[in-house]
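# Here's my sequence, what's the structure:
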Amino acid sequence: MLNRRHCLIAIGKAAFAAGLPLPAMAAPPHFFGTAGAELGLQLFMLDAQARTDLEGTLRAVASMGYREVEIANLYGRSGGTIAAMLRAAGLSCPSIHVQGRSRGDDAPSFDGPLGALVGDAQAIGARTLTLASFRFPDNAPARLPDERLRKYVARIGNLMDAGAWRRNADFLNRTGAMLAREGLRIGYHNHNAEFAPLPEGGCGMDILLGETDPACVDFELDVGWVAAAARDPIALLRAHQGRFTQLHVKDVAAATPDYAFVQKSAPLGLGVLDWREILPVARKAGAVHYFFEQDPPYEEDPAGIAARAHSYLAALPT
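As a prediction, the model looks like this:
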């Protein structure tokens, strides 16, 4: 069956052949832009540039057309200073990624004073402190001297059992309740370890979604990591209406399903994901903020990748 657009094209061709006036064809509304959704960038993609010149990096992001950023670091600055830089660039920052445990670097973590995180978030204007990855168990083995961070996180992810996921759910509920008193929310950003089958059935993501309080705990669906685990992001969104308030817009190439932080990135529109279908479903399910991100390694300047991603997404119809 022809859809309305195909019908109009067919009518136009017939009218042209007959010398008749062509019917008007209104441009379809775009998901980002005319349809009202803002498009953001996860600033981690430009971390190296931001460490050298944060103000210049924010201006560059704005010049690409992005209007929001999600940050994973304050780069040694106060929330007030970050807020001033964002205003100067014409950007807002609705979400801050926070590590569950301190990694021993300068990334913010929930191991530090919650009051300091709250103060920075309020100064910046962020509404959500997003747990960037699952919180390690208290008895997690130490990182080996020569072990890369991703390998270490993958190793811990393989040790996560149902009890560890329930402790994460409890942490989200407790911290979310405290943040709610400050006018903030806690979010949870998934990778693919959450979808590893558990011996008793289900997976960690089932526990997190089922045992957290929707009144104070939100989720950020990283679509790329969902696909890397061979799960259907559309089915997940439809099954949990209102829980996924943020999206990481990320494409991946076809690969063997994995649960240990292995992902084969692809440029948007060239991977296995159909964004024309995913984005409207996400909106109907309650997603408000959409952050583009592509995971390293990068074959070219990540700023160029981010700019092309914006052009691709801004042209998508609803």
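# what about residue 161, how many neighbours?
For residue 161, the number of neighbouring residues by other Cβ atoms under 10 Å comes to 12. Every C-beta, even on glycine, is put in place using the N, C-alpha and C of the backbone.
# Who are the contact partners of residue 173?
Contacts here follow Cβ atoms under 8 Å, 6 or more residues apart in numbering; on that basis residue 173 touches 211-213, 216-217.
# Using TSV, please lay out the residues you listed together with distance to residue 228.
Shown next, in TSV, are the contacts of residue 173 (distance: Cβ to Cβ, whole Å):
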residue	distance to residue 228
211	24
212	23
213	28
216	29
217	24
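# Helices along the stretch 101-250 of the chain, start to end?
Remark: helices assigned in the stretch 101-250 of the chain by DSSP state H, counting those that start in this stretch are 114-124, 149-159, 162-180, 204-210, 223-228, 233-239.
# Of those helices, flag the one that's most buried.
helix 223-228 (a mean of 26; mean count of other Cβ atoms under 10 Å).
# Just the CA trace of that one, in CSV.
Coordinates of each C-alpha in helix 223-228 appear next as CSV, following Å, rounded to 0.1, in the frame of the first residue of the first chain:
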residue,chain,number,x,y,z
VAL,A,223,20.2,2.2,22.7
GLY,A,224,23.6,1.1,21.3
TRP,A,225,24.4,-1.0,24.3
VAL,A,226,20.9,-2.5,24.2
ALA,A,227,21.5,-3.6,20.6
ALA,A,228,25.0,-4.9,21.6
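# Which strands or helices does it pack on?
Using 3 or more Cβ pairs under 8 Å, 6 or more residues apart in numbering; DSSP states H and E as the contact test, the elements touching helix 223-228 are helix 233-239, strand 244-249, strand 251-252.
# got those as JSON lines, with mean pLDDT and distance to residue 44 columns?
As requested, the helices and strands packed on helix 223-228 are exported to JSON lines (pLDDT from 0 to 100; distance: least, Cβ to Cβ, whole Å):
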{"stretch": "helix 233-239", "mean pLDDT": "98", "distance to residue 44": "20"}
{"stretch": "strand 244-249", "mean pLDDT": "98", "distance to residue 44": "10"}
{"stretch": "strand 251-252", "mean pLDDT": "96", "distance to residue 44": "17"}
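# Adding distance to residue 313, write these out as CSV.
Formatted as CSV, the helices and strands packed on helix 223-228 follow (distance: least, Cβ to Cβ, whole Å):
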stretch, distance to residue 313
helix 233-239, 16
strand 244-249, 7
strand 251-252, 11
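# Relative to residue 281, which of these is closest?
Within the helices and strands packed on helix 223-228, the stretch nearest residue 281 is helix 233-239; the backing value is 5.1 Å (Cβ to Cβ).
# From the contacts of residue 173, keep the buried residues only.
212, 216-217 (16 or more other Cβ atoms under 10 Å).
# Of the residues you listed, which is the nearest to residue 75?
Once Cβ to Cβ is applied, the member of the buried ones among the contacts of residue 173 that ends up nearest residue 75 is residue 217, at 27.7 Å.
# Centre of the chain to stretch 30-48, how far?
Mean C-alpha position of stretch 30-48 versus that of the full chain (Cα atoms, centre = their mean, to the nearest Å) differs by 10 Å.
# Output it in CSV, but only the C-alpha positions, please.
Only the C-alpha atoms of stretch 30-48 are listed here, as CSV (Å, rounded to 0.1, in the frame of the first residue of the first chain):
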residue,chain,number,x,y,z
HIS,A,30,11.3,16.9,11.9
PHE,A,31,11.8,15.0,15.2
PHE,A,32,14.4,17.5,16.3
GLY,A,33,13.5,21.1,15.5
THR,A,34,10.0,21.6,14.1
ALA,A,35,8.6,18.8,16.2
GLY,A,36,10.0,20.4,19.4
ALA,A,37,12.6,17.9,20.7
GLU,A,38,16.0,19.2,21.6
LEU,A,39,19.1,17.3,20.6
GLY,A,40,22.1,17.0,22.9
LEU,A,41,25.6,15.7,23.0
GLN,A,42,27.3,13.5,25.6
LEU,A,43,30.4,15.6,26.1
PHE,A,44,32.6,12.6,26.9
MET,A,45,33.0,12.2,23.1
LEU,A,46,35.1,15.5,23.2
ASP,A,47,36.7,14.8,26.5
ALA,A,48,40.3,15.4,25.3
